[in-house]
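Engineer: Sequence first, predicted model second:
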Amino acid sequence: MSGPRPVRAPRGTELSARGWQQEAALRMLQNNLDPEVAEHPDQLVVYGGTGKAARDWRSFDAMVRTLRTLKQDETMLVQSGRPVGVMQTHEWAPRVLIANSNLVGDWANWEEFRRLEALGLTMYGQMTAGSWIYIGTQGILQGTYETFAAVAAKLRSTGKGTDGTLAGTITLTAGLGGMGGAQPLAVTMNGGVAICIDCDPRAIERRIGHRYLDVRADSLDHALELATEARDARRPLSIGVLGNAAELVPALLARNAPIDIVTDQTSAHDPLSYLPIGVDFDQMASYAAEKPADFTQRARESMARHVEAMVGFMDAGAEVFDYGNSIRGEAKLAGFERAFAFPGFVPAYIRPLFCEGKGPFRWAALSGDPKDIAATDRALLELFPENESLARWITMAGERVHFQGLPARICWLGYGERDKAGERFNEMVADGTLAAPLAIGRDHLDCGSVASPYRETEAMLDGSDAIADWPLLNAMVNVASGASWVSIHHGGGVGMGRSIHAGQVTVADGTAQAGEKIRRVLTNDPGMGVIRHVDAGYDRAEQVAREQDVRVPMRETE
């Protein structure tokens, strides 16, 4: 077939490629387009409205065909979702190198990207969509959980909370797609109540079906009624509301709704994926396609209304933060001067973790057997018995997370931890504890792999927010260390012109060589986060570097 069709990764131990490194890339590419995983699999869109796994179906078929025939000393090159060459390299080289959406600076904007995309020359790879390591909504869930846990801790420290959880609070947010769909479960896992707005009824129903969202309200009044009842009972509850966030968030502010926390995860990074006020959802796609400039302007004006209401909640005393979708930047372009009055989530809550080399470590069971994930969960608890937050997360994830596609897990591990976990997983493959190898990767949203002034590198201590050398160095280090596939992308979750980021995946196939690769990659990859933050002047990063013997030449004496 040359057009849309259901795609699902094979399960079990039978190889369709010449080795597990190639098989892993093949299965993870296919898994990204599994109907359980992808937002619009027929269009090759994995998440974020436009984030694709392959440029077109012909390119997808060519990648599948190539991965099945790729030798152990060959590397497939992928240019924005299309395989453009196979080079003889060596066994320690990645089997796949990927570059997505990268444009020269003066041309790095949505208009030029869309012109080139229409010519069939590029595609938008988001972060884990075009690098074949998306694992469904769980992939963002733990980071979202950690963020809301940090919000709860801040509320407690400022006297606004009680017990360090979100119990007794109401969070207001919007967006229930591939990324935003993690929000309701992350809030309830922290004990709170969430009101989640989305303009797509399918997104609400899908989140309920996957147990990320509890109920759907009949109206805004019904949502407030359910939320206040649950808040007063200190009972976790997530509530979906159908509507346009640009209308409903201001409406809740006008009612003086008792909202304690406000954020947003609509697809605001791409104005063509944000519903303008006055446009019916059913007409959105055709309007955006026919009049993109007009649609963009109206979407930005609507975002300005949305952000203005978020600032209003902040002025009223709520904890308000940007969750990294560029809605503040788009609102600023529409003329709202106070768009950046509230911070992004990384400088507000996450940067101390980045200084320790901590970030979203994830793995997928290529066997397709959930028992393999249960076994790795147990192994992590044995490896890090002193880590109470990890134990709490792993326990809750095992009980509450619905697998999408290949069974997978994510947790935040730091420098000196990821390599231990990866080597243990490789041993479990070797001794037969696991039925088949694991694909070990991470989100591109990590401690040392992104330059993104509106998100990961917002408000850096030394002002180096826009320095993009770091993700390029990260990618090169991972290539040199033996990763199975490595990617460099432009845009990600914040949009064209606003970020450069890199990703890696390393396969635990049970061999001694895989163990050596894992040790190097999973040491050096988070190590980039430590040295990046040492270079920026963070005391905690310097402390970690000293304690863990991370060499930083500019901190060494002659």
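Structural biologist: On my side now, so go ahead.
Engineer: Okay, Glu547 and Pro271: tell me how far apart.
Structural biologist: Glu547 sits 45 Å away from Pro271, taking Cβ to Cβ, to the nearest Å as the criterion. (Each C-beta comes from the backbone N, C-alpha and C, glycine too.)
Engineer: out of the two, which sits in the busier spot?
Structural biologist: Taking neighbours as other Cβ atoms under 10 Å, Glu547 and Pro271 compare with Pro271 leading, 25 against 11.
Engineer: The more buried one is in contact with Glu301, isn't it?
Structural biologist: No - Pro271 lies out of contact with Glu301 (Cβ atoms under 8 Å); the separation is 10.1 Å.
Engineer: mind listing the helices for the stretch 151-300 of the chain?
Structural biologist: Listed in chain order, the helices found in the stretch 151-300 of the chain under DSSP state H, counting those that start in this stretch are 183-189, 201-209, 220-232, 245-254, 284-290, 292-315.
Engineer: which is the next helix or strand following the lengthiest strand in the chain?
Structural biologist: If each strand of the chain is counted by residues according to DSSP state E, the longest one is strand 500-508. As assigned by DSSP states H and E, the chain's next helix or strand after strand 500-508 is helix 512-535.
Engineer: counting contacts, what elements does the next helix or strand after that following helix pack onto?
Structural biologist: Using DSSP H and E, the helix or strand that follows helix 512-535 in sequence is helix 539-548. The contact analysis (3 or more Cβ pairs under 8 Å, 6 or more residues apart in numbering; DSSP states H and E) places helix 539-548 against helix 351-355, helix 512-535.
Engineer: for those, which one sits closest to Arg362?
Structural biologist: Closest to Arg362 of the helices and strands packed on helix 539-548, according to Cβ to Cβ: helix 512-535, at 12.0 Å.
Engineer: Using CSV, write out every CA atom in that closest one.
Structural biologist: Extracted in CSV, the C-alpha atoms of helix 512-535 (Å, rounded to 0.1, in the frame of the first residue of the first chain):
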residue,chain,number,x,y,z
ALA,A,512,28.0,-6.7,26.0
GLN,A,513,28.4,-4.1,23.3
ALA,A,514,25.0,-2.7,24.1
GLY,A,515,26.0,-2.5,27.8
GLU,A,516,29.1,-0.5,26.9
LYS,A,517,27.1,1.9,24.7
ILE,A,518,24.4,2.3,27.4
ARG,A,519,27.0,3.2,30.0
ARG,A,520,28.5,5.9,27.8
VAL,A,521,25.4,7.4,26.4
LEU,A,522,23.4,7.4,29.6
THR,A,523,26.3,9.0,31.4
ASN,A,524,27.2,11.6,28.8
ASP,A,525,23.7,12.6,27.8
PRO,A,526,22.6,13.8,31.3
GLY,A,527,26.1,15.0,31.9
MET,A,528,25.4,17.6,29.2
GLY,A,529,22.8,19.0,31.5
VAL,A,530,25.2,19.3,34.4
ILE,A,531,28.0,21.1,32.4
ARG,A,532,25.4,23.3,30.6
HIS,A,533,24.2,24.6,34.0
VAL,A,534,27.7,24.8,35.4
ASP,A,535,28.7,27.0,32.5
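Engineer: quick one: it to strand 500-508, angle?
Structural biologist: 150 degrees (axes from the mean of the first three to the mean of the last three Cα atoms, to 10 degrees).
Engineer: which parts of helix 512-535 are buried?
Structural biologist: 514-515, 517-535 (16 or more other Cβ atoms under 10 Å).
Engineer: most centrally placed residue in this protein?
Structural biologist: The C-alpha lying nearest the average C-alpha coordinate of the chain belongs to Ile140 (Cα atoms, centre = their mean; 4.8 Å).
Engineer: right, and that one touches Trp412 too?
Structural biologist: No - with contact defined as Cβ under 8 Å, Ile140 does not count as touching Trp412 (12.0 Å).
Engineer: circling back to that earlier point, now the helices and strands packed on helix 539-548 in a markdown table, with mean pLDDT?
Structural biologist: Converted to a markdown table, these look like this (pLDDT from 0 to 100):
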| stretch | mean pLDDT |
| --- | --- |
| helix 351-355 | 95 |
| helix 512-535 | 98 |
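Engineer: give me the low-pLDDT residue ranges for the stretch 151-300 of the chain?
Structural biologist: 160-162 (pLDDT under 70).
Engineer: Please give me every residue in contact with the nearest residue to Val346 once chain neighbours are set aside.
Structural biologist: Closest residue in space to Val346, ignoring its immediate chain neighbours: Glu456 at 5.3 Å, by Cβ to Cβ, 6 or more residues apart in numbering. Glu456 makes contacts with Gly324, Val346, Phe354, Leu445, Asp446, Val450, Ser499, His501, as judged by Cβ atoms under 8 Å, 6 or more residues apart in numbering.
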